[in-house]
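S.K.: Pasting a predicted model and its sequence here:
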Amino acid sequence: MAVVWADNVSYALNELRRHDMPVLLDLSRGASALQVAREIRTERASTLMFAVIDTRRPDLTTEAVLAGVADVFARPLGGRRVANAIDRELAYESRRTVAGGNGSSNGDDLYNHSVAMRDVMALITRAAAMRAGVLIRGEEGTGRQIVARAIHAQRTDDPTGAFVAVNCAAHDAEDLDAELFGRSARASAGNGNGDIARGLERVSRNSRLFESLGGTLYLQSVAEAPTRVQARLAHLLRDREAVLAETGDPVNFDIRPMAGVDSSIDSAVQEGRVREDLYRRLSVIRIDMPPLRNRREDIPALANYFLREVCAALRVPPKTLSRPALSLIAALPWRGNAVELRTLLETVVNGSQGGRGIALEDLLEHVRLDGGSVVFSNGGTLKQARARFEREYISAVLEQHHGRISEAAKTLGIQRTNLYRKMRSLRVNLDRRR
């Protein structure tokens, strides 16, 4: 694609009048870049805008979303990431007008504005350069399979290999064996009780393992796989070779194994529910996924991403989150992580009565007050519940802004002096993490 550089808003608007094109803003210039975004949005409501953010200023991400930026990127900036975002936004419009669109994107975008996710991205780059097993550990909804797909997409050895995902918990013992190895390959070279024999495993052409040749096999809930199936997998991954069930010919089995697991994986190995030999081959590289509550810098952009995706899926005009609504979303604990966030936004959009904006009141109608999606617990008077809410909300906003009082006060919509007074009365401790 051709790129047009503009260092002021007048030149940018003149170029956009001649030929509409996506706009990419550099937010390292701070408020001046945001003013450019607002002026472009005022004159050209349909122009696609994106931004490169300064990870030291998480408040700018929120401001960019509020200014109408469709998506934000962190440095180092990848051309594929930008191109995918442009294609996705263009597809959103067509899905709202063309029957049959489901509004779902490929789901491979990783928001890595937080320090925790930048560490994950470094491990993804390392893992993509190797053919070793990768164990991705995290809570449900933290994006374990998205990370696996990102590693697969970055590989350079065989760009044609497929990404094959198998949920071990979704099958009984016989069905899982047939799913992985094929129905005509049930007769294993093992002796049937989980011990490994010297021969090669049998794999048929209609199996998920054969489908993953030259690519990636992603196993979800591997602890739920029966011991015999685990033994066959460990045997095949050790030998890197199998016998094709249809012909009896040996086949070189070059696959990259990955597994998505939760925090119980170590105890599962100790208790024998996961074979140690399989675990060793799956865990050459370990990636720990941070929960959403530990990467609050990512929440505004992620919420905007989900909101646009939901609106496209429902074929309704794109909606925007108000500042108070976005601040509340950034402050909630999200025990269900990104899945819970997307579900809430889908519920809000489904329940909306029209209009382009989502206000704080729209969210509060669908937020549970029993600890599922809010930051305070049951019990006590209304005054006590409000105090608990304010305490946790202010603490979360301060954490989001790394203890910077001025920026937190702006997000909360109050003066600095009032914020200090609130902090003293609610006994909120200030943690100045830069």
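M.R.: That came through fine.
S.K.: Can you show me the helices along the stretch 101-250 of the chain?
M.R.: 115-128, 144-154, 173-181, 208-211, 227-239 (DSSP state H, counting those that start in this stretch).
S.K.: Break this structure down into its domains, please.
M.R.: 9-108+294-364, 115-288, 382-426 (automatic domain parsing).
S.K.: Now name the helix or strand holding Arg286.
M.R.: Secondary structure from DSSP states H and E places Arg286 in strand 285-288.
S.K.: In its sheet, which strands sit next to that strand, and in what direction?
M.R.: strand 134-137 (parallel) (DSSP bridges).
S.K.: re earlier: just put the helices of the stretch 101-250 of the chain in JSON lines and tack on distance to Glu390, mean pLDDT and mean neighbour count.
M.R.: (C-beta placed from N, C-alpha, C; glycine too.) What follows is the helices of the stretch 101-250 of the chain, written out as JSON lines (distance: least, C-beta to C-beta, whole Å; pLDDT from 0 to 100; neighbours: other C-beta atoms under 10 Å):
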{"stretch": "helix 115-128", "distance to Glu390": "26", "mean pLDDT": "87", "mean neighbour count": "17"}
{"stretch": "helix 144-154", "distance to Glu390": "34", "mean pLDDT": "91", "mean neighbour count": "21"}
{"stretch": "helix 173-181", "distance to Glu390": "50", "mean pLDDT": "89", "mean neighbour count": "19"}
{"stretch": "helix 208-211", "distance to Glu390": "51", "mean pLDDT": "93", "mean neighbour count": "20"}
{"stretch": "helix 227-239", "distance to Glu390": "50", "mean pLDDT": "92", "mean neighbour count": "21"}
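S.K.: so which of those gets nearest Trp5?
M.R.: Taking C-beta to C-beta, helix 115-128 is the member of the helices of the stretch 101-250 of the chain nearest to Trp5, at 27.2 Å.
S.K.: what's the angle from that closest one to helix 144-154?
M.R.: Orientation of helix 115-128 against helix 144-154 (axes from the mean of the first three to the mean of the last three C-alpha atoms, to 10 degrees) gives an angle of 50 degrees.
S.K.: and helix 115-128, what does it pack onto?
M.R.: Secondary-structure packing of helix 115-128 (3 or more C-beta pairs under 8 Å, 6 or more residues apart in numbering; DSSP states H and E): helix 144-154, strand 285-288.
S.K.: So which of the domains of the chain is nearest Val3?
M.R.: Judging these by C-beta to C-beta, what sits closest to Val3 is domain 9-108+294-364, at 8.6 Å.
S.K.: ok so, going back, among the helices of the stretch 101-250 of the chain, which comes closest to His401?
M.R.: Short answer: helix 115-128, nearest of these by C-beta to C-beta, at 14.2 Å.
S.K.: hmm, back to that, flag every buried residue along the helix or strand following the strand holding Arg286.
M.R.: As assigned by DSSP H and E, the chain's next helix or strand after strand 285-288 is helix 299-314. For helix 299-314, the neighbour count (16 or more other C-beta atoms under 10 Å) marks 299-313 as buried.
S.K.: How about stretch 131-141?
M.R.: In stretch 131-141, counting by 16+ other C-beta under 10 Å, buried: 133-139, 141.
S.K.: got a list of what the closest residue to Ile405 other than its chain neighbours touches?
M.R.: Spatial nearest neighbour of Ile405, chain neighbours left out: Arg416 (5.6 Å); criterion: C-beta to C-beta, 6 or more residues apart in numbering. By C-beta atoms under 8 Å, 6 or more residues apart in numbering, the contact list for Arg416 reads 405-406, 409.
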